[in-house]
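Student: Structure for this input, please:
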Amino acid sequence: MQKFIAGIALSIAAFVVPAHAEGTLRFGVDPTFAPFESKSPSGELVGFEIDVGNEICKRLDVKCVWVETGFDGIIPALQGRKFDAILSAMSITPKRQEQVAFSQPLFNTPSRLIAKEGSPLRPTVASLKGHTVGIAQGTIQEAYANAYWKPAGVDVVSYPNQEAIWADLRSGRIDATFTDTLAGSLGFLKTAQGKGYAFAGGDVNDPKTMGVGAGIGFRKGDDALRAKVDGAISALFKDGTYRKIEAKYFDFDISGR
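Tutor: Numbering: from 1, shown residues only. Model prediction:
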């Protein structure tokens with residue numbers, strides 16, 4: 001009986017993906033969030049966090065492997081060992097900290113509403129009632145909208161990713177979207193498809209639902225890997241590499257430090 005049980009255990013173990021394959025570091029990413037992570041016309045992954053992740057791997061002397069995953073399922077995929085860590089503009093919120101162990105923050109940016117240029121809409125319940133707001137699933141903006149807007153009667157529609165939202169905003173299927181300020185500006189408003197649209201109202205911050213910055217997420221218990229990555233991040237800040245990468249994408253400091 002013991003041999004039988006041992007045999008089953010060995011068979012199961014053979015199908016378990018190791019938490020961290022030797023010589024590689026697998027990052028889960030949803031590449032629909034420019035300028036943090038997106039795809040070039042040739043299909044190459046590009047963006048601020050892609051550059052940061054590749055630099056971290058270089059300093060740890062491992063090969064970076066990027067695993068594309070929809071943001072709404074990225075935490076379950078991490079827990080299912082599809083990859084070793086999440087590097088995909090994931091904000092550090094109290095709710096996520098129940099499931100994920102985070103690195104130190106990489107950046108901290110606010111969120112804003114985007115609508116047609118000249119729109120009277122503002123990120124308040126009174127202004128948004130009777131209108132439809134598109135928000136990407138699994139994001140802090142969705143958490144905020146579901147906590148404060150939806151219960152008060154605002155029509156909040158969740159989408160699998162932000163790219164799908166831009167298309168529906170332009171077609172008029174939705175009246176506005178609520179997203180990260182930098183992603184909205186550099187990934188939409190400053191592009192050809194964002195012509196005729198603008199931010200509607202000011203910055204929105206709420207530590208309870210939106211956190212205190214974005215970091216790299218790890219499975220709880222992967223403390224050794226998290227410590228190594230945190231060490232690499234600290235070195236990036238200390239020797240100026242972070243600023244050099246940042247300057248490629250932004251003309252101001254997003255680190256929050």
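
Student: make it CA atoms for all contacts and neighbour counts henceforth
Tutor: Will do.

Student: in the chain, which helix or strand is least confident?
Tutor: Across the helices and strands of the chain, the lowest-confidence element by mean pLDDT, DSSP states H and E is helix 2-14, at a mean of 34.

Student: helix or strand right after that helix?
Tutor: Using DSSP states H and E, the next helix or strand after helix 2-14 towards the C-terminus is strand 24-29.

Student: Can you name the element that comes right after that following strand?
Tutor: From strand 24-29 onward toward the C-terminus, using DSSP H and E, the following helix or strand is strand 38-39.

Student: now what about that following strand, what contacts it?
Tutor: Taking contacts as CA atoms under 8 Å, 6 or more residues apart in numbering, the residues outside strand 38-39 that touch it are 30-32, 45-47.

Student: Likewise for stretch 191-200?
Tutor: Stretch 191-200 is touched from outside by 112-123, 170, 188-189, with contacts defined as CA under 8 Å, 6+ apart.

Student: hmm, try it at 7 Å
Tutor: For stretch 191-200, the external contacting residues (CA atoms under 7 Å, 6 or more residues apart in numbering) are 112-117, 119, 121-122, 188-189.

Student: Name the nearest residue to the spatially most central residue of the chain, ignoring sequence neighbours.
Tutor: Within the chain, the residue whose C-alpha comes closest to the C-alpha centroid is Ala89; the distance, by CA atoms, centre = their mean, is 2.7 Å. Spatial nearest neighbour of Ala89, chain neighbours left out: Ala214 (5.7 Å); criterion: CA to CA, 6 or more residues apart in numbering.

Student: before we move on, what about Leu186?
Tutor: On the basis of CA to CA, 6+ apart, the spatially nearest residue to Leu186 that is not a chain neighbour turns out to be Pro35, at 6.3 Å.

Student: ok, back up a step: so for the contacts of strand 38-39, which is the shakiest by pLDDT?
Tutor: When the contacts of strand 38-39 are compared on pLDDT, Thr32 comes out least confident, at 89.

Student: so what's it up against?
Tutor: Residues in contact with Thr32, defined by CA under 7 Å, 6+ apart, are 38, 161-163.

Student: what comes up buried for stretch 173-189?
Tutor: Neighbour-count burial for stretch 173-189 flags 174-189 (criterion: 16 or more other CA atoms under 10 Å).

Student: And stretch 165-172, by the same measure?
Tutor: 165-166, 168-170.

Student: Can you lay out these as a markdown table showing pLDDT and distance to Pro94?
Tutor: A markdown table is the format used below for these (pLDDT from 0 to 100; distance: CA to CA, whole Å):
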| residue | pLDDT | distance to Pro94 |
| --- | --- | --- |
| Ile165 | 96 | 26 |
| Trp166 | 95 | 29 |
| Asp168 | 97 | 31 |
| Leu169 | 97 | 31 |
| Arg170 | 96 | 34 |
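
Student: Relative to Val157, which of those is nearest.
Tutor: Distances from Val157 to these, taken as CA to CA, are shortest for Ile165 (9.6 Å).

Student: backbone phi and psi for that closest one, please?
Tutor: Here the main-chain torsion angles of Ile165 (degrees, to the nearest 10) amount to phi -70, psi -40.

Student: thinking again about what came up before, determine which two of the buried residues of stretch 165-172 are furthest apart.
Tutor: Of all pairs drawn from the buried residues of stretch 165-172, the one with the longest distance (CA to CA) is Ile165 and Arg170, at 8.6 Å.

Student: Just to be sure, Pro123 is in a helix?
Tutor: No. Following the definition DSSP: H, G, I helix; E, B strand; the rest coil, Pro123 is coil and is not counted among the residues of a helix.
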